[in-house]
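**Student:** No sequence on hand, only this structure:
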Ligand SMILES: [Zn+2]
């Protein structure tokens, strides 16, 4: 299950920071000698205003713990109020005093337990009116972290200090509930609240979200509070939280789209690049994937490597786990092959099909990216990874966009084909990629017919401002009978004009018109959702076919003209 796999990831594939340490920007370093005397009255400022990455100081691993309204010092790396007893503007003097006292108390316990001379040096310095010894510049920022270096050694990096911090925050055996940890299965003291937070989940609060949390009363109804609902020991809790944060922050293992974060990983690193397949699939890579079962290059070891993916979305302070996929690289690759085969459709001028990533498919269902509903990318990704059929709801959204925009974009045509193909078992890989002249489904034929009528209008009146498609696509695709009679009659004057002015074009268009209408005895009154999808594909296919023919014809003309042109002796044109 998810938490166990995350913990494994942390154990096997991450170099973990010390327990309850995290990377954070540390702006100021106070430099001391072994006796706690300042080496320089001015703290070293590590911020580089010109570099947004270090605007708040250089990032270091420092003690971190969730801090609520209570006074809780961070060992040896805290803000000015805790560290020096200095509050910035608007600080309450009484509270600053308490914070500093708590910090000193923690530090003296640390000095006592670790017996580390460096800690003792910091304590000595802080006990002797540090504010008076320091020269703080006017732009000193009271809200940034301050840490200490004694003889060039960061005190927070001392192993003894790290162990002290870990032990300090470990749940005490006598007060914590002992239960079976759901991750490691051992009977251990379990946390009443997870200490680390998950960051970067859309919809969650910016300070982070707890992956297991039961703030809502509903979750407490079993008498289990907070994370006890899924009891984990401190060690497991920290590890899976770190793994989730690592995967969420790593561009190569996450996709953030439509209000959800998808994270995915493999048990071992086998170089399987899912991200590129989903974000920016390259034609060569997809071709190689489609051909891989025949080439048989991949080892069984890669095939059998475990693959995991999950979808997370935030809801206030909680992370909601939407999907959990536990499979193998080999299975995912097989499903991806289908995924790319299913979406293959000719380009809008007859070009080779181009593989599409998640985003263009998802955005094809809406007017603009911000309108993408969370379920859209989620279901698309799920189908890509598992081969599950796509819901009719996606076809509905695509068809609705076609009607609203009075056109079928290549992305929408691909999405419509994906929905159909994913729902047909045993369908042929090459079905519906190009125009299918043999398909006599009336809806498909009506779509083709609209494209032919559009072409007749375009050839007869080049540059017409509003075409019949601009005006009638919506009605033609949902209620053909109400509009096609009129469109057919409207085409007659255009055809007559062409017969007179451009007989070649006339014969070609007339032939095409006959071909498309043969067998189409009457126009359907209304089209169902599925039929509207077929209409869109018929229209799209026919149009791509016509454009490809027009491009080929003009290329032939050009080539013929070049051949006829007289050339010099060296073969160049005169
Ligand atoms: Zn555990």
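**Tutor:** In hand now; what should we look at? All figures in this text were calculated on a predicted structure; none of them were measured in a lab. Numbers count the residues shown, from 1 in each chain.
**Student:** Tell me the helix or strand right after the helix or strand of the chain at the bottom of the mean pLDDT ranking.
**Tutor:** Of all the helices and strands that make up the chain, the one with the lowest confidence by mean pLDDT, DSSP states H and E is helix 217-220; it has a mean of 39. Read in the C-terminal direction, the helix or strand following helix 217-220 is helix 234-249, with elements assigned using DSSP states H and E.
**Student:** tell me which parts of this protein are close to the ion?
**Tutor:** Residues of the chain lying close to the ion by Cβ under 5 Å from the ion are 181, 183, 184, 233, 236. All C-beta atoms are positioned from the backbone trio N, CA, C, and that covers glycine.
**Student:** contacting residues around the second one?
**Tutor:** This means residue 183. Shown in contact with residue 183 (Cβ atoms under 8 Å, 6 or more residues apart in numbering): 3, 4, 7, 232, 233, 236, 237, 240.
**Student:** Excluding chain neighbours, what is closest to it?
**Tutor:** Ranked by Cβ to Cβ, 6 or more residues apart in numbering and with sequence neighbours excluded, the top spatial neighbour of residue 183 is residue 236, at 3.8 Å.
**Student:** for the one you found, what are its contacts?
**Tutor:** In this structure, residue 236 makes contact with 3, 7, 181, 183, 184, judged by Cβ under 8 Å, 6+ apart.
**Student:** Distance check, residue 441 against the ion.
**Tutor:** 58 Å (Cβ to the ion, to the nearest Å).
**Student:** For that residue, the count of nearby residues, please.
**Tutor:** For residue 441, the neighbour count with other Cβ atoms under 10 Å is 16.
**Student:** Ok, the one 3 residues further on next?
**Tutor:** The local packing of residue 444 (other Cβ under 10 Å) involves 25 other residues.
**Student:** looking at it, it is touching residue 535, isn't it?
**Tutor:** Yes: between residue 444 and residue 535 there is a contact under Cβ atoms under 8 Å: 6.9 Å.
**Student:** Give me the phi and psi for residue 95.
**Tutor:** Listed backbone geometry of residue 95 is phi -70, psi -40, with angles given as degrees, to the nearest 10.
**Student:** Give me the pLDDT for it.
**Tutor:** Predicted confidence (pLDDT) for residue 95: 94.
**Student:** can you tell me how far it sits from residue 81?
**Tutor:** For residue 95, the distance to residue 81 (Cβ to Cβ, to the nearest Å) stands at 8 Å.
**Student:** Please name the residues that touch residue 184.
**Tutor:** When contacts are taken as Cβ under 8 Å, 6+ apart, residue 184 is in contact with 7, 233, 235, 236.
**Student:** go with 7 Å
**Tutor:** By Cβ atoms under 7 Å, 6 or more residues apart in numbering, the contact set of residue 184 is 233, 236.
**Student:** Which positions are bridged to residue 314 in the beta structure?
**Tutor:** Applying DSSP bridges to residue 314 gives these bridge partners: residue 319.
**Student:** Test my guess that it contacts residue 201.
**Tutor:** Yes: because the distance of 4.2 Å satisfies Cβ atoms under 7 Å, residue 314 is recorded as touching residue 201.
**Student:** Pick out whichever of the two has more residues nearby.
**Tutor:** Neighbour comparison, residue 314 and residue 201: the larger count goes to residue 201, with 27 against 21 (by other Cβ under 10 Å).
**Student:** For the more buried one, which residues are in contact?
**Tutor:** Taking Cβ under 7 Å, 6+ apart as the criterion, residue 201 is in contact with 209, 248, 261, 312, 313, 314, 319.
**Student:** returning to what we had before: of the contacts of residue 236, which belong to helices?
**Tutor:** Judged by DSSP state H, the contacts of residue 236 include 3, 7 as members of helices.
**Student:** what residue ranges in the chain score low on pLDDT?
**Tutor:** Within the chain, the ranges that satisfy pLDDT under 70 run 171-176, 192-195, 211-230, 294-297, 426-429, 566-574.
**Student:** per the record, what domains does the protein have?
**Tutor:** Under the assignment automatic domain parsing, the domains of the chain span 21-169, 173-249, 275-309+324-423, 442-560.
**Student:** So which residues of this protein form strands?
**Tutor:** In the chain, the strands defined using DSSP state E lie at 21-32, 44-45, 58-63, 77-78, 145-150, 153-154, 178-180, 187-189, 254-257, 260-266, 306-315, 318-328.
**Student:** Please, where are all the helices along the stretch 51-200 of the chain?
**Tutor:** Residue ranges of the helices in the stretch 51-200 of the chain, as given by DSSP state H, counting those that start in this stretch, are 80-84, 93-114, 117-127, 130-133, 159-169.
**Student:** With mean neighbour count added, can I get these in TSV?
**Tutor:** TSV is the format used below for the helices of the stretch 51-200 of the chain (neighbours: other Cβ atoms under 10 Å):
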stretch	mean neighbour count
helix 80-84	24
helix 93-114	17
helix 117-127	20
helix 130-133	12
helix 159-169	17
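**Student:** what comes up buried for the longest helix along the chain?
**Tutor:** In the chain, ranked by residue count with DSSP H as the criterion, the top helix is helix 529-564. Across helix 529-564, burial judged by 16 or more other Cβ atoms under 10 Å covers 530-548.
**Student:** Got a PyMOL select line for the buried ones in the contacts of residue 183?
**Tutor:** With 16+ other Cβ under 10 Å as the criterion, this PyMOL line picks the buried residues out of the contacts of residue 183:
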select buried, resi 3+7+232+233+236+237+240
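**Student:** before we move on, back to that, what about the helices of the stretch 51-200 of the chain, which gets the closest to residue 146?
**Tutor:** Taking Cβ to Cβ, helix 80-84 is the member of the helices of the stretch 51-200 of the chain nearest to residue 146, at 4.7 Å.
**Student:** From the rest of the structure, what touches that closest one?
**Tutor:** Here helix 80-84 makes contact (Cβ under 7 Å, 6+ apart) with 73, 86-88, 91, 96, 99-100, 103, 130-131, 142, 146.
**Student:** same thing but 8 Å
**Tutor:** 73-74, 86-88, 91, 95-96, 99-100, 102-103, 126, 130-131, 134, 140, 142-143, 146.
**Student:** From what I see, residue 16 and residue 242 are in contact.
**Tutor:** Yes: under the criterion of Cβ under 8 Å, residue 16 is in contact with residue 242, at a separation of 6.2 Å.
**Student:** list the residues that contact both of these two?
**Tutor:** With contacts taken as Cβ under 8 Å, 6+ apart, the residues that reach both residue 16 and residue 242 are residue 10.
**Student:** Look at those two and report which has more neighbours.
**Tutor:** For the pair residue 16 and residue 242, the greater number of neighbours falls to residue 242 (21 against 13), based on other Cβ under 10 Å.
**Student:** Now do the more buried one against the ion, distance only.
**Tutor:** Summarising the geometry, the distance separating residue 242 from the ion, computed by Cβ to the ion, is 14 Å.
**Student:** residues contacting that residue?
**Tutor:** Contact criterion Cβ under 8 Å, 6+ apart gives 10, 14, 16, 17, 196 as the residues in contact with residue 242.
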